[in-house]
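Engineer: Provided below are the primary sequence and the corresponding predicted coordinates.
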Amino acid sequence: MLLTGYQFSFDGGMFLELMGIEPDKNEEFDMEMLTEPIAEAPERALLFAAYSNCGDNPRRKYHNWQGQYDENDVLNMVYEYLARLGYAMSDEEGSYKNGTHELFDEGAAE
């Protein structure tokens, strides 16, 4: 991640969401909210923390506004980073990533 030239910051909201923690809107964040969920699954918490630091967001996709395949270098880097941490991509996810998924029109990956 350090060698990519991208500057990322930790997304605490994403981390809380992944950990299944939904603080009340009027409730101030307290580290105690995380104590039990992290203790229950520390490896999962580390993976979620790493992912929350990747700079990923729902607007990053492998398709353009017309639904055609569009290479995404940032998402490629996120997947590479997660793979180094042990993440295994499904076949369907891989076909979306490389533009061969049935959702794309023939020739859209060209």
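Structural biologist: In hand now; what should we look at? Just so it is clear, the model here is predicted, and its values are computed rather than measured.

Engineer: Count the residues that sit near residue 88.
Structural biologist: 8 (other CB atoms under 10 Å). All C-beta spots, glycine's among them, are computed from the backbone N, C-alpha and C.

Engineer: sec struct for it, please.
Structural biologist: coil (DSSP: H, G, I helix; E, B strand; the rest coil).

Engineer: Who are the contact partners of it?
Structural biologist: The contact partners of residue 88, by CB atoms under 8 Å, 6 or more residues apart in numbering, come to none.

Engineer: Got the domain ranges for this protein?
Structural biologist: Domain assignment for the chain by automatic domain parsing gives 1-55, 58-110.

Engineer: weakest of the ones you listed by average pLDDT?
Structural biologist: For the domains of the chain, mean pLDDT drops lowest on domain 1-55, to a mean of 77.

Engineer: how about the strands of the protein, start to end?
Structural biologist: Taking DSSP state E to define them, one finds no strands in the chain.

Engineer: Quick one: residues contacting residue 33.
Structural biologist: So residue 33 contacts 16, 21, 23 (CB under 8 Å, 6+ apart).

Engineer: Okay, the first one and residue 32: tell me how far apart.
Structural biologist: What it means is residue 16. Separation of residue 16 from residue 32 (CB to CB, to the nearest Å) stands at 13 Å.

Engineer: What about residue 70, how many residues nearby?
Structural biologist: Around residue 70 there are 15 other residues, counting by other CB under 10 Å.

Engineer: picking up where we left off before, residue 16 and residue 32: which is more packed in?
Structural biologist: Each of residue 16 and residue 32 has its neighbours counted (other CB under 10 Å); residue 16 has more, 18 against 7.

Engineer: Return the alpha-carbon coordinates of stretch 43-50 using CSV.
Structural biologist: The C-alpha coordinates for stretch 43-50 follow below in CSV (Å, rounded to 0.1, in the frame of the first residue of the first chain):
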residue,chain,number,x,y,z
GLU,A,43,-8.4,-12.0,13.2
ARG,A,44,-11.6,-10.7,11.7
ALA,A,45,-11.1,-7.4,13.3
LEU,A,46,-7.6,-7.1,11.9
LEU,A,47,-8.8,-7.9,8.4
PHE,A,48,-11.7,-5.4,8.7
ALA,A,49,-9.2,-2.7,10.0
ALA,A,50,-6.8,-3.4,7.1
